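Asks: fold the following.
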Amino acid sequence: MQHNPRDWLRPAGTGFSTLSMHCHVEYDPVLLARAFQRANPEMADLVASGTMAAIVPDGVAAAAEVSQRFRHEWLIWWRKPSCWRDDIVWENGGRMISIVCDTLSASYVSALHTLYTNQRPGRQWPRLRSLVQPRIRYELPTLENRMELVPLVARSFLAGNWELSVVGKQVYVGREAVRLRAARTDGSGPGLWDGVDEYEVLVDGRHDVLLRVAGIVDGEEAGSFAAGEVRFDVGIPDDVFTFTPPRRTKVVCV
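Replies: As a prediction, the model looks like this:
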């Protein structure tokens, strides 16, 4: 029986060999901006002096009028030890694909119609073109930096002296989960969203992965990162970790 709530936040990946997740990300920019401004009171002086514009308009009514929740999907495949892919899909259909597997590192950005990769094309003319084009400064994905962006896998946003308490247990996406509440203290780290002082977390204790994270501002969920579907120890074929870009995609070797 676990007595310390932090025992539920062991490093991810200790209880499975493969992971597939379809996540839903949602946030309210007005609530997050409100939390950020509270955490950075010096901004009020900058706004008053005209050095910068206010993030949140004056007045609750004005803020309510511009409030809009933004949403996108985040699909993740992780085959340990070294193969990872994640696809971010925005509401407008835009997509960013990041793949790291063995020696391959690649990132496709649909808005730019560009594939950044560390491997030169196999076809002759694209390959010749890649040999003469100048090297582009672009940070290719690594397993570590992609994991750090996914709070359900990386727990670094709760690093530091967050006060953790067990709220209870519940079933979420068909899995038994432990519900934790994290509250900021003087020694806490920055958190997932700057200025958010409270989080609610659902932990799959069997597989050491978070199933849902929500940031709370003024009693409302200002942002959430949640697994809508999750599968452990199911085979992930090799072709998941390859990508053939659409025609007329610019291929940039980095």
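Asks: got a list of what residue 207 touches?
Replies: Residue 207 makes contact with 15-16, 19, 232, according to CB atoms under 8 Å, 6 or more residues apart in numbering. Bear in mind the C-beta positions are built from the backbone N, C-alpha and C, glycine included.
Asks: farthest pair within these?
Replies: Farthest-apart pair in the contacts of residue 207 is 15 and 19; separation 9.9 Å (CB to CB).
Asks: show me whatever sits in contact with both of these two.
Replies: Common neighbours of residue 15 and residue 19 are listed as 207, 209, 232 (criterion: CB under 8 Å, 6+ apart).
Asks: where does this structure dip in pLDDT?
Replies: Applying pLDDT under 70 to the chain flags the ranges 1-3, 10-14, 44, 46-67, 121-137.
Asks: do a quick rundown of the helices in it.
Replies: In the chain, the helices defined using DSSP state H lie at 29-39, 42-48, 60-66, 124-132, 143-148.
Asks: skipping adjacent residues, who's closest to residue 80 in space?
Replies: Take residue 80 and drop its neighbours on the chain: the residue closest to it by CB to CB, 6 or more residues apart in numbering is residue 17, 5.5 Å away.
Asks: what's the one you found in contact with, if anything?
Replies: For residue 17, the contact set (CB under 8 Å, 6+ apart) comprises 79-80, 233.
Asks: show the buried residues in those.
Replies: Buried by 16 or more other CB atoms under 10 Å: residue 79, out of the contacts of residue 17.
Asks: so which of the contacts of residue 17 comes closest to residue 116?
Replies: Comparing the contacts of residue 17 against residue 116 with CB to CB places residue 79 closest, at 21.9 Å.
Asks: is the closest one in a bridge, and if so with what?
Replies: Legend: beta-bridge partners of residue 79 under DSSP bridges are residue 18, residue 83.
Asks: what helices or strands is the lengthiest strand in the chain leaning on?
Replies: When the chain is scanned for its longest strand (criterion: DSSP state E), the result is strand 220-232. Packing contacts for strand 220-232, counted by 3 or more CB pairs under 8 Å, 6 or more residues apart in numbering; DSSP states H and E, involve strand 18-27, helix 29-39, strand 209-217.
Asks: and with 6 Å instead?
Replies: Applying 3 or more CB pairs under 6 Å, 6 or more residues apart in numbering; DSSP states H and E, one finds that strand 220-232 makes contact with strand 18-27, strand 209-217.
Asks: got the angle between it and helix 29-39?
Replies: Here strand 220-232 runs at an angle of 110 degrees relative to helix 29-39 (axes from the mean of the first three to the mean of the last three CA atoms, to 10 degrees).
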